[in-house]
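Student: Just need the structure, nothing else, for what follows:
(2 chains)
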Amino acid sequence: MFSGDVTVLSRMLGLAAGALTAGIFCATAGGQAQSGSHAVVNQPASVAQGLSLSGARADPLGKGGTVILIFVRTDCPVSNRYAPTLKAMSQEYAGKVQFVLVYPDRDETSATIEKHLQEYGYHFTALRDPQHELVNESKVQITPEVAVFNGKRELIYHGRIDNWYEAFGRARSQPTTHELDEAIRAALNGTTAPASVSGVGCYISDLQ
Amino acid sequence: MTPGNRTRDWKFLARVLLGAAMLLPAQGAWCAEPGTSTDKVTYNRDIAPIVFHYCASCHRPGEAGPFPLLSYQDVKKHGHQIVAVTQSRYMPPWLPERGDVKIADERRLSGEQIATVRRWVDQGMLQGKAGDLPATPKFVEGWQLGQPDLIVKAENPYTLAASGRDQYWNFILPVPITGTRWVRAVEIHPGDKRLVHHANVLVDRYGTARRMEKEKGAGFGGMEIRIDSEAFDPDSHFLFWKPGTVASFEPDGMALRLDKGTDLILNAHLQPSGKPEPIQPTIGLYFTDKPATIHPMLLQLQSDAALDIPAGEANFVVTDEFKLPLDVELLGVYPHAHYLGKDLLATAVLPDGTTRTLIHIKHWDVNWQGVYRYEEPVLLPRNTVVKMRYVYDNSEDNTANPNHPPARVQGGNLSTDEMAHLWLQVVPKQEPGVPGDPRMALQEAWARHEVEKAPGNFESRYNLGQMLQARQASDEAVEQFEAAVLIRPQDAVANNALGGALLAKGDVDGAVKYLSVALASQPDYFDAHYNLANAYAAQGNFGGAADQFGEAAKLNPNDAMAEANLGTALVQLGRLQEARSHYEAALRIDSSNQLARENLQQLEQLIKESQR
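Tutor: Numbering: from 1, shown residues only, chains lettered A, B, ... in the order given. Sure, this is the predicted structure:
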């Protein structure tokens, strides 16, 4: 998962260095690889943004208040199975909390996403995040994981929704912990949010 | 720069360096090293063959896998996920350990293959040389075995709710055939394969399932259902679907019999997807003119009665063992438990004392249960002891535990109850010099074993009685049926069987008593009317016999024997014209009915004589 990603990067850096000393024949390649290495230096964007389905840059935290970013993929069966849970929660906290779906797969078009929203009966704002700006800002690695931001744009929780899934294919008949719900209450009441716990689902690091 | 660009650079680097290395080998190893070194794992050479063989049959459009795995891009988009699920052996789903006996269509990755996948991802998911890529597998669309001779469909779709627990739904698929047909293959299309975890097809020869429907054609819920089976031609075939199942034709001579009026019942395990989904299964039937010459049967070891698992118990063991009374060939097995199952083991101890593991599932997962067929039939000689040993985990550590906190769980039919079943598909071998159908001997031994295990169990007593009655061991049969009636005094089926057995051994008064109980419990019971009519006739009560045959004929207007016997009862009562019309009715139903034909001739003679 994420650690795997880091391994790949570090080896590419080593490669690039090797290639640079290689002389004329490998110079082009080395140059390319080195430019790839810039990705490691994370230039912090002023404000992380996604893309609305019409293609405009959109800051989901812009309106203030408590915002839940939910990271999903149209083809991730685990994130799909959470649709009824998420819809029920958004009703429970209607008017107090904003739920936003974030699609980090660059290959998922606005049309695909519109269809997904309709099929699963979502009435949430949906954003694309092809550059993973929101992924990085939210420190999420898996679909479905969520990020809870309080009104001060502070990330107070990121990770799983609950413990329904223990591992791939190992779902409880019902969850026995409810991290997202606790985090929302914490955001609303100014209390301490639960510690971050990783989710079970599809790896965002695969979406490169 | 984004991660996506990095990857493109990587490919580019590899290609350029490759060219360089070929043109100028003297450039040195350091330059070729990054991309060309042969020990780097590539998709085209190393990963595609694994993915095509083990994953693609389900991970393609229309199949069970939630996303396709057919191309480099597909696989790369799930690379880290694939590493995780292959390491944990969640994928490809294959529960049995590798054992003494080779299972067909094994879908199990070797440790080396799993390590290769991991190395590929760790090394940056290289695509490799185009020339290394094997051809993408060709899959047949639609029916895998070709156009079926008959396609049957569930009468109505069932709509699976968006959320909630897994559902178990039974669809009834009527088979519109006018006479007996022999089936050489059954191809199951359970509906949207992303939603159906597994499906079992049962052959219902007696309309058992229809009686369970609240609304006609709607199907009904329930994980386990009981279908009445024929004692003399018991269930014989595993008709099972799970993701990745390869449809196949039965071996020559092993066709499945279907008769007019038979229903197929598809028992499906459905998992909510997050949105409501309508599901309507279809089944393709492939006929043959060759009737069955090889008669397998499904033999069941079980230990349900012993299942009483205390809350929190992490290692609850049940066992069963059965000594084979004759040689059998074992074709396949179907181990079955519910959510608390943990370690399922079946072994065979051969007469020479050696033990063979038939199947061992160390990490049972009800979601991936399946039928396992052996690559070659396994010969189990007479006196082999087949054993099952199942371990259950009713602790909080078992994620699948349906109860939180854990609660006491007993054997039963609900998905939240437990089960301990081991089905074996066997072909019993004819013993030299022993006449008769070897299935009967095996069934009787099995029924006896069930009675020994649970003398107070109604079904065990009844089944053994049936097998004894079948070989005219009426005294012993009566003993078993009496025990069954003691357990369920009002049960129509048991009272009818007891009445029938008493009649067979000449205890007519006893027969009338129990047959009357059967009819009091179930007034529309054809068999009981027919048997009671015979009993009355034996007592010389032809008025009673005529009434009962009349009831029987009304209940089943297609039964020639009921009409013919009614005719005879009426002759005895001197109602000759009425008798003639019933003999004629019998012959209209079955023109070859000997009894009706001969009696009608005699009757015509009698009428002629009386008119003289």
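
Student: how much space is there between residue B:300 and residue B:544?
Tutor: Using CB to CB, to the nearest Å, one gets 41 Å for the distance from residue B:300 to residue B:544. The C-beta positions use only the backbone N, C-alpha and C, and glycine is treated the same way.

Student: pLDDT value on the closest residue to chain A within the stretch 201-350 of chain B, please?
Tutor: With distances taken as CB to the nearest CB, the stretch 201-350 of chain B approaches chain A most closely at residue B:274, which sits 3.9 Å away. Predicted confidence (pLDDT) for residue B:274: 90.

Student: where along the stretch 501-612 of chain B do the helices fall?
Tutor: Chain-ordered helices for the stretch 501-612 of chain B, with DSSP state H, counting those that start in this stretch as the definition, fall at B:508-521, B:526-539, B:542-555, B:560-572, B:576-589, B:594-611.

Student: so can I have a markdown table of the ones you listed showing mean pLDDT, mean neighbour count and distance to chain A?
Tutor: Below are the helices of the stretch 501-612 of chain B laid out as a markdown table (pLDDT from 0 to 100; neighbours: other CB atoms under 10 Å in any protein chain shown; distance: least, CB to the nearest CB, whole Å):
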| stretch | mean pLDDT | mean neighbour count | distance to chain A |
| --- | --- | --- | --- |
| helix B:508-521 | 96 | 20 | 39 |
| helix B:526-539 | 94 | 23 | 43 |
| helix B:542-555 | 96 | 21 | 45 |
| helix B:560-572 | 93 | 24 | 52 |
| helix B:576-589 | 94 | 18 | 54 |
| helix B:594-611 | 88 | 14 | 60 |
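
Student: Could you export those helices as a markdown table, including distance to residue B:70?
Tutor: A markdown table is the format used below for the helices of the stretch 501-612 of chain B (distance: least, CB to CB, whole Å):
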| stretch | distance to residue B:70 |
| --- | --- |
| helix B:508-521 | 59 |
| helix B:526-539 | 56 |
| helix B:542-555 | 57 |
| helix B:560-572 | 59 |
| helix B:576-589 | 58 |
| helix B:594-611 | 64 |
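
Student: Can you pull the phi/psi pair for residue B:286?
Tutor: The phi and psi values for residue B:286, taken as degrees, to the nearest 10, are phi -120, psi 120.

Student: Contacts only, for the residue lying closest to it once chain neighbours are set aside.
Tutor: Taking CB to CB, 6 or more residues apart in numbering or on different chains as the measure, residue B:286 lies nearest to residue B:185, with 4.0 Å between them; neighbours along the chain are not counted. Applying CB atoms under 8 Å, 6 or more residues apart in numbering or on different chains, we find residue B:185 in contact with B:145, B:247-250, B:284-286.

Student: Just the buried residues of those residues.
Tutor: B:145, B:247, B:250, B:284-286 (16 or more other CB atoms under 10 Å in any protein chain shown).

Student: Now do the contacts for residue B:403.
Tutor: B:311, B:394, B:409, B:416.

Student: can you check residue A:86 too?
Tutor: Remark: with contacts taken as CB under 8 Å, 6+ apart, residue A:86 is in contact with A:70, A:99, A:122, A:124, A:161.

Student: Restricted to strands, list those.
Tutor: A:70, A:99 (DSSP state E).

Student: Could you export the contacts of residue A:86 to TSV, including columns for distance to residue B:192 and pLDDT?
Tutor: Converted to TSV, the contacts of residue A:86 look like this (distance: CB to CB, whole Å; pLDDT from 0 to 100):
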residue	distance to residue B:192	pLDDT
A:70	25	98
A:99	28	97
A:122	20	95
A:124	25	95
A:161	25	97
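
Student: Of the contacts of residue A:86, which is the nearest to residue B:190?
Tutor: Among the contacts of residue A:86, residue A:122 lies closest to residue B:190 (CB to CB), at 27.8 Å.

Student: Would you mind listing the two of the buried ones among the contacts of residue B:185 that lie farthest apart?
Tutor: Maximum pairwise distance among these (CB to CB): 13.9 Å, between B:250 and B:284.

Student: Fine, thanks again, bye for now.
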